[in-house]
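>>> Next come a sequence and a model predicted from it.
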Amino acid sequence: MSWARKFSKPYRVEHGKKFRLKNYDPADTATLRSEERAGELLAKGVARMAELQDKLYAQDRWGLLLIFQAMDAAGKDGVIKHVMSGVNPQGCQVYSFKTPSAEELDHDYLWRTMKCLPERGRIGIFNRSYYEEVLVVRVHPRILANERIPAPLVTKNIWQERFQDICSLERYLSRNGLVIRKFFLNVSKKEQKKRFLDRLQQPEKNWKFSAADLQEREHWDDYMGAYEDMIANTSTPHAPWFVIPADNKWFTRLAVAAAIVDTLDGLNLAYPKVDAQKKKELEAARKALVGKKGGYLG
């Protein structure tokens, strides 16, 4: 088993029927006890990812969509920053989805994210996503009312219906060459409190704190129930969830990088092969650039 699979497979959920969030320890670090060793492996992963991303771009067949969901202070921004540090910016797009605008509320809930799907050959990152529609909207029903959906369509089965629609969408995208990997950064309530206090006590982190964060923390149990139901109902082999331990940032970043590397490795990416005609064109171009005495014309 490759190092990438070793550190990602334990957290991969493909069939959610028996999924229980309580079975996933937010403080888990697999077999690692050394932050230094994790850093070495992360550097290895970032380098490998850069190599594979270059082939992904050149081959121009597959696209990769990475979705990140988590409670506040779980470390989504830090993971994206550290894990994607070696990727060519031309081949990577990051989108953060905040409170929907008036225009977005006049469309179906998938509309705003569908506009941002990555092209073939590129990696797209969603920092929050359409999954907010079965998380925050579920925890705060008043938001659903603002979406102006016709009343007969808002039934007691609406969450199951949304799960079905999301699964259908992801199946469609996967059948068209978009590989989807979804990450829930699983932070504990205790660790979240610690990080909130750090934001309050350290001036350079004050800007990260919002009073709304504390309000959402009061709904912790509701959110955990919503996350468990979401993962149980939307985990599939073609669009699995990874429930990544998030209490130790150094391990979180390694596990996410491992999952991405393992995914890209599985695509058997390669640079496009040059056919005979193209080789002739390249040889002609080389001869045109080389001078009569063997030097290059300049």
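Received the coordinates, thanks.
>>> what about the strands in this protein?
For the chain, the strands defined by DSSP state E cover 12-13, 63-70, 92-96, 123-127, 178-186, 241-245.
>>> Can you tell me which of the ones you listed is most buried?
When you average the neighbours per residue for each of the strands of the chain (mean count of other C-beta atoms under 10 Å), strand 241-245 leads with a mean of 25. For every residue, glycine as well, the C-beta is placed using N, CA and C.
>>> Quick one: list the elements packing against that one.
strand 12-13, strand 178-186, helix 220-234, helix 249-265 (3 or more C-beta pairs under 8 Å, 6 or more residues apart in numbering; DSSP states H and E).
>>> Packing partners of the shortest one?
Other helices and strands packing on strand 12-13, by 3+ C-beta pairs under 8 Å, 6+ apart, are strand 241-245.
>>> ok, the strand it packs on: who's next to it in the sheet?
Using DSSP bridges, the strands paired with strand 241-245 in its sheet are strand 12-13 (antiparallel), strand 178-186 (parallel).
>>> okay, the helices and strands packed on strand 241-245, which one's buried deepest?
helix 249-265 (a mean of 24).
>>> can you put the strands of the chain in JSON lines and add mean pLDDT and distance to Arg5?
Shown next, in JSON lines, are the strands of the chain (pLDDT from 0 to 100; distance: least, C-beta to C-beta, whole Å):
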{"stretch": "strand 12-13", "mean pLDDT": "98", "distance to Arg5": "9"}
{"stretch": "strand 63-70", "mean pLDDT": "98", "distance to Arg5": "17"}
{"stretch": "strand 92-96", "mean pLDDT": "95", "distance to Arg5": "23"}
{"stretch": "strand 123-127", "mean pLDDT": "98", "distance to Arg5": "19"}
{"stretch": "strand 178-186", "mean pLDDT": "98", "distance to Arg5": "13"}
{"stretch": "strand 241-245", "mean pLDDT": "98", "distance to Arg5": "12"}
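>>> Compare those and give me the one nearest Glu281.
For Glu281, the closest of the strands of the chain is strand 63-70, at 29.0 Å, according to C-beta to C-beta.
>>> neighbouring contacts of that closest one?
Contacts with strand 63-70, where a contact means C-beta atoms under 8 Å, 6 or more residues apart in numbering, come from 56, 76, 79-80, 117-129, 131-132, 135, 173, 177-187, 227, 246, 260, 263-264.
>>> how about the helices in the stretch 1-150 of the chain?
3-6, 35-59, 76-83, 102-105, 111-114, 136-139, 141-146 (DSSP state H, counting those that start in this stretch).
>>> between the ones you listed, which one is nearest to Asp222?
Closest approach to Asp222 among the helices of the stretch 1-150 of the chain is made by helix 136-139 (4.7 Å; C-beta to C-beta).
>>> average pLDDT for the closest one?
Regarding helix 136-139, the rounded mean pLDDT is 97.
>>> can you put the helices and strands packed on strand 241-245 in CSV and add distance to Ser2?
Below are the helices and strands packed on strand 241-245 laid out as CSV (distance: least, C-beta to C-beta, whole Å):
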stretch, distance to Ser2
strand 12-13, 14
strand 178-186, 16
helix 220-234, 25
helix 249-265, 7
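>>> Which residues are in contact with Gly86?
Listed by C-beta under 8 Å, 6+ apart, the contact partners of Gly86 are Val46, Ala47, Met49, Ala50.
>>> any idea how far Ile149 is from the closest residue to the first one other than its chain neighbours?
Looking back up the chat, that one is Val46. Using C-beta to C-beta, 6 or more residues apart in numbering and skipping residues adjacent in sequence, the residue nearest Val46 is Gly86, 4.1 Å away. In this view, Gly86 and Ile149 are 43 Å apart by C-beta to C-beta, to the nearest Å.
>>> Could you do Arg37 as well?
Using C-beta to C-beta, Arg37 is found at 50 Å from Ile149.
>>> quick one, phi psi at Gly121?
phi 90, psi 0 (degrees, to the nearest 10).
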